[in-house]
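S.K.: no sequence on hand, only this structure:
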């Protein structure tokens, strides 16, 4: 009987314990840095792979929480823009980290040595 009462008390305490906030779309304190890339040679598989592989270095930059990258998924839906080749989503701790990230030597080298030679156009979206 005592163990049942203790279990009930524990269950009530756990139910009342304040839980950390959960965000349906991720942590609202972080910043998403989205990079959309159009190649000079659209559809060039080797260029796509080079960008995807080279971008992994970004995870070594302080304040980078996550990196997701991939190739376009084509669609016939008129609302979907399938004109790009590669997209990156870099999750950063905050806006101050974004500023440091932009001038970090690993980012600068990626831009100068990989992106500029292969890329026709880049569009960036930053949001919280």
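M.R.: Cool, the structure landed. Because the structure is a prediction, the values reported are computed rather than measured. Residues are numbered from 1 along each chain as shown.
S.K.: the chain: strands as residue ranges?
M.R.: 31-39, 64-71, 86-92, 119-127 (DSSP state E).
S.K.: redo the ones you listed as a markdown table? Include distance to residue 98.
M.R.: Where C-beta positions appear, they are placed from N, C-alpha and C, glycine not excepted. Compiled in a markdown table, the strands of the chain are given as follows (distance: least, C-beta to C-beta, whole Å):
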| stretch | distance to residue 98 |
| --- | --- |
| strand 31-39 | 6 |
| strand 64-71 | 10 |
| strand 86-92 | 5 |
| strand 119-127 | 7 |
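S.K.: residue 39 pairs with what?
M.R.: residue 119 (DSSP bridges).
S.K.: got a list of what it touches?
M.R.: 47-48, 85-86, 118-120 (C-beta atoms under 8 Å, 6 or more residues apart in numbering).
S.K.: any low-confidence regions in the protein?
M.R.: Scanning the chain for pLDDT under 70 picks out the ranges 1-27.
S.K.: at 90 instead, please
M.R.: Residues of the chain meeting the criterion pLDDT under 90: 1-29.
S.K.: now do the helices in it.
M.R.: Taking DSSP state H, the helices of the chain run over residues 2-16, 45-54, 95-103, 105-110, 116-118.
S.K.: wait, which of the strands of the chain is closest to residue 78?
M.R.: strand 31-39 (18.3 Å; C-beta to C-beta).
S.K.: tell me which residues of the closest one are tucked away?
M.R.: By 16 or more other C-beta atoms under 10 Å, the buried positions in strand 31-39 come out as 31-33, 35-37, 39.
S.K.: identify the farthest-apart pair in those residues.
M.R.: 31 and 39 (26.3 Å).
S.K.: can you count the residues close to the spatially closest residue to residue 31 that is not a sequence neighbour?
M.R.: Distances taken as C-beta to C-beta, 6 or more residues apart in numbering place residue 92 nearest to residue 31, at 4.7 Å, with adjacent residues excluded. Per other C-beta atoms under 10 Å, the neighbour tally for residue 92 reads 24.
S.K.: what about residue 92, distance to residue 58?
M.R.: 10 Å (C-beta to C-beta, to the nearest Å).
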